[in-house]
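Colleague: missing the sequence, but the structure's below:
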C-alpha cells in the first residue's frame, strides 16, 4: 500500500432527535492517502455486481469539470422512494416505511455520520449520501401526477461512511472511513487497488437483438406538431421532447459500461448497481454544484455532431457557435435557471459568467452556459437541489407547463433519464449531474433516451436528427456487440 498518511479531524458534536435516525456514531472520520489507481474502473470491477455499489466516474475525460471519481459500497443506510412512499433500511435490517420526505431523511441521515468538519475542504466527498433522483421524482413537486409504472425507484440514495476518492488532476487518492473501521476498510480496499489490469469482458453479457425505437418517426412528428401548437398558443416557449429506444440483453452490463466509457468519455459518468438493475450514465452536463455557499449550474443547449475531417468538424462547431436558434434556446434556459437559483440565492448574487460557450466532446459539440449564485442564509445544498430539480435544460420554459406537456406527449415514465446522479457530502457540499446520455438495464431490457428543445422556429427534420446524433455512439456500440 505504501506510506499511510492520516489527515486531521475534529471532535463530533452532532445531535438530532428522530426515531427514524441511525444510532449516533461515536467515532470520527479519517482519510488515508493510498496509491493512485491508473484506472479506477478496475478497482470498481469486483463491486460492479453488488447492489448499492456506486461509481461516480470522471477518470477518462480531459474536461476540467471531470476531476474526481468516487467509489462506494455497503452503505450504512439505504433510502429509496417508490410511488411516493419513502423506505429506509439500516444495515441488514428490514426496510421500513418513513413519514419523512426524502429531503428530510437525507438531511437527518448525513448528520449522523462520523464528524469530518476539519478534513481538508478540497476533498469534495468524505462520506455522505450518493445516489440519484429520477426525472419523475420531480413531477410531484410541480403538482403533476407521476406515471404509475417505474422500472427503478423514483429516488435511491445510500448513506456511506467509507469512500475511495480519486483525484485525476493531482493523481492522488484517499480512503476515507470511520477511525474504528479504518483497518478493516484498508484490508477490504487493498486487493481492489492492487488490480492494475483491465478486467476481461464478461462473456455472459450479450445484446440479443437490434436496437428498436419505441417511437416511429411518425410518432415523433406528431408530438413535434403538438409542441408547435402549444408554442403558437402561448402555453410555452420551449419544450424538451425525448424519444426512447430499447434493446434486449442478457448478463451484466458492466462490460458494456467499460466499453462506452472508453469511446464516449464524459465528466459526469456513473455506474450504479441497484437491486432492481443497473444505471449507466455518460453525462456531459452538471445540474448543480454547491461548494460552501457557492452555487453553480451548467446548462447545455445546442448540439452538433463531431465530424472526422478536422476542417469540416471546425466548420460544424463554428456553425453551432453562431446559430441564432441555438443561442436563443440556450438563453431561454439560462433565464429559467436564474429564476430557479433566485429562489434560494442571496439577493443580487445571481450571475452569468459564461454564456453560450462552445464545448466539444468525443462525439458532439455543445453550447454551454454557466450560472452562479451565493446561497442565502438559512438555505442548504438540498434546498438548492429542490429548487433546481429537474434541470431546466431538459424540461423547457416555463418549467411547470413544459413538464405538463412532456407528460402528456411522451405518455410514460422517463425514469432515470433527465434525472440526476451525484452526491451530498456530509459537510454540506453537493454535485449532481443531469442524467442525459444514460441507460437503464432492468430484467433484460436496456433502455436509453434522446431529446432536444423544441422552439417556435425548430425544424422537424433537424430536431429528429439531433436526437439520433446524441445517441449515435450507443447505437453503433450496441450493434457491434450484437455482432
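Modeller: Ah, there it is. Not measured: the values here are computed from a predicted model.
Colleague: quick one: residue 124 and residue 425 touch, right?
Modeller: Yes - contact status for residue 124 versus residue 425: in contact at 6.3 Å, counting by Cβ atoms under 8 Å. Every residue, glycine included, has its C-beta placed from N, CA and C.
Colleague: which sections of the stretch 301-450 of the chain are below the confidence cut-off?
Modeller: Scanning the stretch 301-450 of the chain for pLDDT under 70 picks out nothing.
Colleague: how does it look with 90?
Modeller: Filtered on pLDDT under 90, the stretch 301-450 of the chain yields the residue ranges 301-303, 325, 328-329, 360-364, 411-412.
Colleague: Could I get the full set of helices for it?
Modeller: Remark: helices assigned in the stretch 301-450 of the chain by DSSP state H, counting those that start in this stretch are 310-321, 324-342, 381-388, 399-410.
Colleague: Report the buried residues of the longest one.
Modeller: I take that to be helix 324-342. 326-334, 336-338, 340-342 (16 or more other Cβ atoms under 10 Å).
Colleague: quick one, that helix and helix 381-388 angle?
Modeller: Counting by axes from the mean of the first three to the mean of the last three Cα atoms, to 10 degrees, helix 324-342 lies at 140 degrees to helix 381-388.
Colleague: Can you pull out the residues in contact with helix 324-342?
Modeller: Contact with helix 324-342 is made by 237-238, 295, 297, 299, 301-303, 320, 350, 352, 355-356, 367, 369, 371, 373, 384, 387-388, 391-393, 397-399, 453, 455, 457-458, as judged by Cβ atoms under 8 Å, 6 or more residues apart in numbering.
Colleague: and if you look at the first one?
Modeller: Helix 310-321 is touched from outside by 302-307, 326, 356, 358, 360, 365-367, with contacts defined as Cβ under 8 Å, 6+ apart.
Colleague: which parts of stretch 211-229 are buried?
Modeller: 211, 213, 215, 220, 223-224, 226-228.
Colleague: Please state the offset of that stretch from the chain centre?
Modeller: 26 Å (Cα atoms, centre = their mean, to the nearest Å).
Colleague: one step back: buried subset of the contacts of helix 324-342?
Modeller: Neighbour-count burial (16+ other Cβ under 10 Å) applied to the contacts of helix 324-342 gives 237-238, 295, 297, 299, 301-303, 320, 350, 356, 367, 369, 371, 373, 384, 387-388, 391-393, 397-399, 453, 455, 458.
Colleague: Filter these down to the ones in strands?
Modeller: Taking DSSP state E as the definition of strands, the buried ones among the contacts of helix 324-342 contribute 238, 295, 297, 301-303, 356, 367, 369, 371, 373, 397, 453.
Colleague: Taking these together, which two end up most distant?
Modeller: Greatest spatial distance among those (Cβ to Cβ): 303 and 373, at 26.1 Å.
Colleague: any idea which of the ones in strands among the buried ones among the contacts of helix 324-342 is the one closest to residue 266?
Modeller: residue 303 (13.8 Å).
Colleague: Against residue 454, how distant is residue 71?
Modeller: 39 Å (Cβ to Cβ, to the nearest Å).
Colleague: Skip the chain neighbours and tell me the closest residue to residue 85.
Modeller: Excluding its sequence neighbours, the residue lying closest to residue 85 (Cβ to Cβ, 6 or more residues apart in numbering) is residue 97, at 6.2 Å.
Colleague: Tell me, how many residues neighbour the one you found?
Modeller: 10 (other Cβ atoms under 10 Å).
Colleague: Surely it is in contact with residue 83?
Modeller: No - between residue 97 and residue 83 there is no contact under Cβ under 8 Å: 11.5 Å.
Colleague: partner residues bridging residue 158?
Modeller: Note on residue 158: beta-bridge partners residue 78, residue 130, judged by DSSP bridges.
Colleague: give the contact list for it.
Modeller: Contact analysis of residue 158 by Cβ under 8 Å, 6+ apart lists 52, 54, 72, 75, 77-79, 129-131.
Colleague: coming back round to it: who has more neighbours out of residue 124 and residue 425?
Modeller: Neighbours were counted for residue 124 and for residue 425 using other Cβ under 10 Å; residue 425 has more, 26 against 19.
Colleague: so what's the more buried one up against?
Modeller: Neighbouring residues of residue 425 by Cβ under 8 Å, 6+ apart: 124-128.
Colleague: Could you work out the most separated pair of those?
Modeller: Pairwise distances across these peak at 11.3 Å for 124 and 127 (criterion: Cβ to Cβ).
Colleague: Let me see the confidence value for residue 2.
Modeller: pLDDT recorded at residue 2 is 40.
Colleague: now swap in residue 200 and tell me
Modeller: Residue 200 is assigned a pLDDT of 52 by the prediction.
Colleague: Also residue 283?
Modeller: For residue 283, pLDDT reads 95.
Colleague: next one: residue 92
Modeller: For residue 92, the model assigns a pLDDT of 88.
Colleague: Centroid-nearest residue for this protein?
Modeller: Nearest to the geometric centre of the chain sits residue 421, at 2.6 Å (Cα atoms, centre = their mean).
Colleague: dump the residue contacts of that residue.
Modeller: By Cβ under 8 Å, 6+ apart, the residues touching residue 421 are 56, 131-132, 268, 270, 272, 279, 281, 283, 432-433, 435, 438.
Colleague: Among the residues you listed, which ones are in strands?
Modeller: Among the contacts of residue 421, the ones falling in strands (DSSP E) are 56, 131-132, 268, 270, 272, 279, 281, 283, 432-433, 438.
Colleague: buried stuff in the strand or helix carrying residue 241?
Modeller: Using DSSP states H and E, residue 241 sits in strand 238-250. In terms of neighbour count (16+ other Cβ under 10 Å), strand 238-250 has its buried residues at 238-245, 247, 249.
Colleague: ditto for stretch 268-288
Modeller: Going by neighbour count (16+ other Cβ under 10 Å), the buried part of stretch 268-288 is 268-274, 276-288.
Colleague: Give me the distance between residue 28 and residue 119.
Modeller: Here the criterion is Cβ to Cβ. By it, residue 28 lies 9 Å from residue 119.
Colleague: same question but for residue 293, I mixed them up
Modeller: Here the criterion is Cβ to Cβ. By it, residue 293 lies 18 Å from residue 119.
Colleague: Equivalent analysis for residue 259, please.
Modeller: Using Cβ to Cβ, residue 259 is found at 36 Å from residue 119.
Colleague: again with residue 148
Modeller: 44 Å.
Colleague: where exactly do the helices run in the stretch 1-150 of the chain?
Modeller: For the stretch 1-150 of the chain, the helices defined by DSSP H, counting those that start in this stretch cover 40-44, 102-111, 137-141.
Colleague: Out of these, which one sits most buried?
Modeller: When the helices of the stretch 1-150 of the chain are scored by mean count of other Cβ atoms under 10 Å, the highest mean neighbour count falls to helix 40-44 (a mean of 23).
Colleague: and that helix, how far out from the chain's middle?
Modeller: Distance of helix 40-44 from the chain centroid (Cα atoms, centre = their mean) equals 19 Å.
Colleague: For it, what does the pLDDT average out to?
Modeller: Average pLDDT, helix 40-44: 95.
Colleague: For it, name the packing helices and strands.
Modeller: Applying 3 or more Cβ pairs under 8 Å, 6 or more residues apart in numbering; DSSP states H and E, we find helix 40-44 packed against strand 53-57, strand 68-72, helix 182-193.
Colleague: picking that back up, partner residues bridging the residue nearest to the centre of the chain?
Modeller: Here residue 421, judged by DSSP bridges, has bridge partners residue 132.
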